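1. no sequence on this one, just coordinates:
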């Protein structure tokens, strides 16, 4: 089984456990509340355990969501900014291999049609925290 | 469910016993559970680190194998280099420490260059420099992986939770740094400018299409005119991943002109403090260069000997932004820095003065001039006369 499929299976099992825990917690709270008028300490304990079970399940769910979010690969977008040598207009497009800043290309300017554009910048538009999280 | 609902009443004693047993188990095993969870976190992080090392290695092997050797040979060469180390010179005797450090750094770069040439014999100068930077990234990634693995195994073996706790608490930052190095591998493979390339980028903007010449190992320079001042703009040789020896270049120029330099202006990337915006520009005095010491020392020595003021302009960025593909805020700061350099020259020097402007940093993805330029190797005297 591939690593990805195994992780997916774990996720499903965790999700099942969390669902059962929430259900159990809700039942304990309900039973606790039913016995509350009698004032027994047992009802209080059941209510307390119900709250704890739901809190733990909520924490697990939150961790699970965070893990899934982290696993989502953010698009790493690198763009090239070209400037026309004739009219100075700038345009932006995805970076191609072998390009560097200061390189003069024969691309046509969209404004004046001159076939001489200089690469002014190459930069990454993906925010750092997304790129390294 | 029914029995659960009937827990109250006659079975009070049972739930109390269960509760007490639960508390007792927690009393003795809570710390064990905590350590088990931490070790699990570290194991997961270790798998992640291993995948970064493998991915970066595979990319390197793939690139190298296109340039003259088989995948197996490239793999063998890389495996040998992964645990490469440098032994710092002894500092108990500080006499000549800088020279000894420079000697070791030269040996390190020479070693890596030779090994990269052996692994990728058909690589041109730029590609070789990029592969060397890629290799340095893999060495760092591998070292991070080894250190984390060391503490995990040590913690497991000794059952000492201090080892486990300290590495677990640093995991988010460790993973962040590792991912930045992994991303940096992509930048070096494709030859894209990184945050640290801002110095050479400013230098390129000043040079424009002026003629450039090589004035020191992997350092080029071009003379331009700014409002009647002769300005020698210096940068590492691009567009390959070089930092060159800017200190040596500046020292050579100063000595060749017998100290007749009005001012030195240095531009470099600087680590920002948390809360400071990326791309913020700051000005100061002193040699702005983040080398291990020798290059900065040469500039300070030569400038002090001849009484030349050294000004600096830095562009602030996160340390991880310095090694990954340049961010728009940093790239766009270049234009403002060019204006500040021109202002500084006009306000602090007189027409006819000779000024050195040095764009410090890795020149990856940054050309030497605005056209493909043929480099002519000349002595420093030739350019500064």
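-> In hand now; what should we look at? Note that this is a predicted model, so its numbers are computed, not measured.

2. ok, now which ones touch the residue sitting nearest the centre point of chain B?
-> Geometric centre of chain B, nearest residue: residue B:323, 4.9 Å, by C-alpha atoms, centre = their mean. Neighbour list for residue B:323: B:137, B:180-181, B:184, B:187, B:194-196 [criterion: C-beta atoms under 8 Å, 6 or more residues apart in numbering or on different chains]. Where C-beta positions appear, they are placed from N, C-alpha and C, glycine not excepted.

3. ok, residue B:52 next?
-> B:141, B:145, B:178-179, B:181-182.

4. near chain A too, which of the contacts of residue B:323?
-> residue B:180 (C-beta under 8 Å from any C-beta of the partner chain).

5. most widely separated two among the contacts of residue B:323?
-> Maximum pairwise distance among these (C-beta to C-beta): 14.3 Å, between B:137 and B:195.

6. the two: which is more packed in?
-> residue B:195 (30 against 25; other C-beta atoms under 10 Å in any protein chain shown).

7. point out where chain A drops to low pLDDT.
-> Low-confidence segments of chain A (pLDDT under 70): A:1-3, A:70-75, A:131-133.

8. for chain B, same thing?
-> Along chain B, the model assigns pLDDT under 70 to residues B:1-12, B:372-385.

9. setting aside sequence neighbours, what's the nearest residue to the residue in it positioned nearest to chain A?
-> Sorted by distance to chain A under C-beta to the nearest C-beta, the residues of chain B start with residue B:367, at 3.0 Å. Distances taken as C-beta to C-beta, 6 or more residues apart in numbering or on different chains put residue A:102 closest to residue B:367, at 3.0 Å, once the chain neighbours are dropped.

10. dump the residue contacts of the residue of chain A at minimum distance from chain B.
-> At 3.0 Å from chain B, residue A:102 is the closest residue in chain A, using C-beta to the nearest C-beta. Residue A:102 sits next to A:118-119, B:204, B:238-239, B:366-370 when contact means C-beta under 8 Å, 6+ apart.

11. switch the cut-off to 10 Å
-> Each residue near residue A:102 by C-beta atoms under 10 Å, 6 or more residues apart in numbering or on different chains is listed here: A:118-120, B:200-201, B:204-205, B:207-209, B:238-239, B:365-373.

12. cool, residue A:56 as well?
-> By C-beta under 10 Å, 6+ apart, the contact set of residue A:56 is A:18, A:21-22, A:25.

13. rerun that using 8 Å as the cut-off
-> By C-beta under 8 Å, 6+ apart, the contact set of residue A:56 is residue A:21.

14. what about it, which helix or strand?
-> Remark: residue A:56 resides in helix A:41-71, with elements defined by DSSP states H and E.

15. same question for residue B:364.
-> If you go by DSSP H and E, residue B:364 is not part of any helix or strand.

16. hang on, it packs against residue B:189?
-> No: using C-beta atoms under 8 Å, residue B:364 is not in contact with residue B:189; the gap is 10.6 Å.

17. from the chain's centroid, how far away is the biggest helix by length in chain A?
-> Ranked by residue count and defined by DSSP state H, the top helix of chain A is helix A:3-35. Between the mean C-alpha location of helix A:3-35 and the chain-wide mean there is a distance of 23 Å, by C-alpha atoms, centre = their mean, to the nearest Å.

18. tell me the angle of it relative to helix A:41-71?
-> Here helix A:3-35 points in a direction 160 degrees away from that of helix A:41-71 (axes from the mean of the first three to the mean of the last three C-alpha atoms, to 10 degrees).

19. report whether helix A:3-35 contacts chain B.
-> Yes: contact of helix A:3-35 with chain B (C-beta under 8 Å from any C-beta) involves A:27-28, A:31, A:34-35.

20. check the gap between the residue with the largest distance to the centre of chain A and residue A:32 for me.
-> Farthest-out residue of chain A from its mean C-alpha position, per C-alpha atoms, centre = their mean: residue A:38, at 48.3 Å. To residue A:32, residue A:38 is 11 Å away according to C-beta to C-beta, to the nearest Å.

21. show me chain A divided up by domain.
-> Chain A breaks down into these domains under automatic domain parsing: A:3-71, A:78-126.

22. and these, which is most packed in?
-> Most buried of the domains of chain A by mean neighbour count (mean count of other C-beta atoms under 10 Å in any protein chain shown) is domain A:78-126; its value is a mean of 17.

23. measure that one end to end?
-> End-to-end distance for domain A:78-126: 8 Å, by C-alpha to C-alpha, to the nearest Å.

24. distance from it to the middle of the chain?
-> That offset, for domain A:78-126, works out to 32 Å (C-alpha atoms, centre = their mean).

25. counting neighbours, what do you get for the closest residue to residue B:365 other than its chain neighbours?
-> Closest residue to residue B:365 apart from its sequence neighbours, by C-beta to C-beta, 6+ apart: residue B:193 at 3.5 Å. Neighbourhood size, residue B:193 [other C-beta under 10 Å]: 31.

26. thinking residue B:193 is in contact with residue B:364, fair?
-> Yes: using C-beta under 8 Å, residue B:193 makes contact with residue B:364 at a distance of 6.1 Å.

27. domain assignment for chain B?
-> Structural domains assigned to chain B are B:27-190, B:195-384, following automatic domain parsing.

28. thinking again about what came up before, filter the contacts of residue A:102 to the buried ones?
-> Among the contacts of residue A:102, those that count as buried by neighbour count (16 or more other C-beta atoms under 10 Å in any protein chain shown) are A:118-120, B:200-201, B:204-205, B:207, B:238-239, B:365-370, B:373.
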